[in-house]
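>>> With the sequence up front, the predicted model follows.
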Amino acid sequence: MERLLVLVRHGQSEWNLKNLFTGWKDPDLTEQGVAEAKSAGEQLKDMKLEFDLAYTSVLQRAQKTLGLILEELGQQDLETIRDQALNERDYGDITGMNKDEAREKFGEEQVHIWRRSYDVPPPGGESLKMTSERVLPYYRAEILPQVLSGKRTIVAAHGNSLRSLIMDLEKLTPEQILKRELGTGTPIIYRLDEDGNVLSVEDLAG
Ligand SMILES: O=C(O)[C@@H](CO)OP(=O)(O)O
């Protein structure tokens, strides 16, 4: 039996383009983001992949990315479950701030710690560790059992919610995961064994 799990970060959003901390804010995709999502769909179609179930966050950039991918695959009516557990990490008080302006105001090092340390949250927001603490229980309770039952599953979510999942799937250390940058609209294809361990991983970013 095939146990297929595809993860994809949303295409470029308006706030990615403006270089703003986004978190739980809900900007739309840019034109480039739409193109990235369509091209992710084409890549999956070329690989002859099809899905039985989809998951996404409650944020439109992830939902629209998923919708465009499914349209390319001719699967726009696929059962889709939307859950806040898959949302981007909450950036708290710095949400909406320009990332370069934040570096000027708080210093390069502090901003790097907020963005890429494992367990230091930005003020009023979530660290990657805190993000994992909501993503992983949801993955284990809701998504994994479906994958293990043979439902080919796609998850369209966000840089940091997916990082916490990838860290767990690939058994990475905090240092390893924090160096991993996920491309917008780039699918990562996992095949799992019957216990949910990764048998193979293919990152279409190459
Ligand atoms: O702004 C955000 O919400 C995220 C993802 O774009 O940014 P970062 O790269 O700092 O994790």
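Perfect, thanks for sending it.

>>> Check what pLDDT Lys179 gets.
Each residue has a pLDDT score; the one for Lys179 is 89.

>>> One more: Leu7?
98.

>>> Could you do Gly206 as well?
pLDDT at Gly206 comes out at 62.

>>> Between the helix or strand bottoming out on mean pLDDT in the chain and the ligand (residue level, any contact counts), is there anything?
Least confident helix or strand, the chain: helix 174-178 with a mean of 91, by mean pLDDT, DSSP states H and E. No - contact of helix 174-178 with the ligand is not found when judged by C-beta under 6 Å from any ligand atom; the minimum separation is 9.9 Å. C-beta here means a position set from N, CA and C on the backbone, and glycine is covered the same way.

>>> would you say Ile188 is within a strand?
Yes - assessed by DSSP: H, G, I helix; E, B strand; the rest coil, Ile188 belongs to a strand.

>>> Dig out what it forms beta bridges with.
Leu7, Asp203 (DSSP bridges).

>>> Contact partners for Pro137?
Ala85 (C-beta atoms under 8 Å, 6 or more residues apart in numbering).

>>> Which secondary structure state is assigned to it?
helix.

>>> For the ligand, see how far away it is.
21 Å (C-beta to the nearest ligand atom, to the nearest Å).

>>> so what secondary structure elements neighbour the least confident helix or strand of the chain?
Applying 3 or more C-beta pairs under 8 Å, 6 or more residues apart in numbering; DSSP states H and E, we find helix 174-178 packed against helix 128-138, helix 159-169.

>>> 10 Å instead, please
helix 108-116, helix 128-138, helix 159-169 (3 or more C-beta pairs under 10 Å, 6 or more residues apart in numbering; DSSP states H and E).

>>> Including distance to Leu78 and mean pLDDT, could these go into a markdown table?
A markdown table is the format used below for the helices and strands packed on helix 174-178 (distance: least, C-beta to C-beta, whole Å; pLDDT from 0 to 100):
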| stretch | distance to Leu78 | mean pLDDT |
| --- | --- | --- |
| helix 108-116 | 33 | 95 |
| helix 128-138 | 19 | 98 |
| helix 159-169 | 19 | 97 |
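
>>> so which of these gets nearest Gly23?
Ranking the helices and strands packed on helix 174-178 by proximity to Gly23 (C-beta to C-beta) places helix 159-169 first, at 8.8 Å.

>>> Number of residues surrounding Phe200?
In this structure residue 200 is Ser, not Phe. Ser200: 8 surrounding residues under other C-beta atoms under 10 Å.
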